[in-house]
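Participant: Here is my input; please provide its structure:
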Amino acid sequence: IIDKPSNPPCHSTVDNHLENVLHQFESLTKKPALLGGRLDHDTSGLCVLSLGINFLRYYNMLLRTKTSKILDGESFTPIRKGREAGPR
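Facilitator: Next up is the predicted model:
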C-alpha cells in the first residue's frame, strides 16, 4: 500500500513511461507488480500494488463482497482464509 501524492499517475501512459507509481515501485523491488486499483493523476490517497495475481484476486473479492453487503443492507464480517474473522 502506497500513499500516492497528487502529482504522479498510478500507471504509465504514452508520455510518462518512467514517471508513475507502478514503474517506481518495480524499480525499487526489481519485480513486476500489478495495480489493485488506480487513482487519477490529480488525486492523492492509498494505492494498492501487488507482486502476485493471487493477492489481487483476494483483495478484489473482499472489495466486491463488502460493497455488495453494504448495498444489500447486511452487516459485513470480513473473511480470513476461508472462515469468518471474529474477535480473538
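
Participant: From now on I want contacts and neighbour counts done on CA atoms only, so please keep to that.
Facilitator: Will do.

Participant: So Pro8 is in contact with Glu19, correct?
Facilitator: Yes: Pro8 lies in contact with Glu19 (C-alpha atoms under 8 Å); the separation is 6.6 Å.

Participant: Identify the residue spatially nearest to Pro9, adjacent ones excluded.
Facilitator: In space, and not counting its chain neighbours, Pro9 is closest to His41: 4.4 Å by C-alpha to C-alpha, 6 or more residues apart in numbering.

Participant: where do the strands sit along the protein?
Facilitator: 2-4, 34-35, 45-47, 49-50, 79-80, 83-84 (DSSP state E).

Participant: circling back: when Pro8 and Glu19 are compared, which one has more neighbours?
Facilitator: The neighbour comparison of Pro8 against Glu19 (other C-alpha atoms under 10 Å) goes to Pro8, with 19 against 16.

Participant: What would stretch 30-38 look like as CSV? C-alpha coordinates only.
Facilitator: Coordinates of the C-alpha atoms in stretch 30-38 are reproduced here as CSV (Å, rounded to 0.1, in the frame of the first residue of the first chain):
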residue,chain,number,x,y,z
LYS,A,30,13.2,-5.3,-9.0
LYS,A,31,10.0,-7.4,-9.6
PRO,A,32,7.0,-6.9,-11.9
ALA,A,33,3.9,-5.6,-10.0
LEU,A,34,0.2,-5.2,-10.6
LEU,A,35,-2.1,-2.4,-9.6
GLY,A,36,-5.1,-3.2,-7.3
GLY,A,37,-6.8,-0.1,-8.4
ARG,A,38,-5.8,3.3,-9.6
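
Participant: Tell me how far that stretch lies from the chain's centre.
Facilitator: Offset of stretch 30-38 from its chain centre (C-alpha atoms, centre = their mean, to the nearest Å): 8 Å.

Participant: which outside residues touch it?
Facilitator: 10-11, 22, 25-26, 47-53, 56, 59-60 (C-alpha atoms under 8 Å, 6 or more residues apart in numbering).

Participant: Show me what counts as buried in that stretch.
Facilitator: By neighbour count with 16 or more other C-alpha atoms under 10 Å, stretch 30-38 contains the buried residues Ala33, Leu34, Leu35, Gly36, Arg38.
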